[in-house]
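Enquirer: Here is my input; please provide its structure:
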Amino acid sequence: MAAARLQPAITVSNIKNFVPITLGLNTSHYSSWAELFKIHCQAFDVLDHIVPSNDASSGSSNAGQTQRTNAADWTKLDAIVLSWIYGTLSNELLLNILTPGSTAQQTWDQIKGIFHDNQNSRAVHLAAKFTNTKLENFSNMSTYC
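Expert: Residues are numbered from 1 along each chain as shown. Take a look at the predicted model:
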């Protein structure tokens, strides 16, 4: 009987040790953050949770078979990668992208879309700014509105 292989991603206790950049809406560090994050995921053998592999198109069914036979493990690892993503975002960005039931890849793609599409990025930024607008910062209700 073969011993179960310990997945290295399970051993990561603090993502900030590997990805020290906190990604925020008002920062221009997306490229650096994404590169560090991808390197970290590759080193811990979970890159396929954010960047789909091309195994299916090359005819290899090994990755798909492994994924199907270890669905519980896949889900657990996906939750770990998702928590890594969340742990490297500013509170403002996190609150804008947090979606119940989303996978690491869906969240990764959503963040990529925000920073690669200026129109969406600007809309998210303005929505966050509007959400944080407080009546107490204005002299009267008319100015606030």
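Enquirer: Tell me where this structure has strands.
Expert: Using DSSP state E, the chain contains no strands.
Enquirer: So for it, which residue is the most central one in space?
Expert: Compute the mean C-alpha point of the chain, and by Cα atoms, centre = their mean the closest residue is I85, 3.6 Å away.
Enquirer: pLDDT at the nearest residue to N26 once chain neighbours are set aside, what is it?
Expert: Computed as Cβ to Cβ, 6 or more residues apart in numbering, the closest residue to N26 that is not its neighbour in sequence is H125, at 7.4 Å. (Each C-beta comes from the backbone N, C-alpha and C, glycine too.) You'll see H125 listed with a pLDDT of 73.
Enquirer: ditto for the one 10 residues further on
Expert: According to the model's per-residue confidence, L135 sits at a pLDDT of 76.
Enquirer: tally of neighbours for it?
Expert: For L135, the count of nearby residues is 10 (other Cβ atoms under 10 Å).
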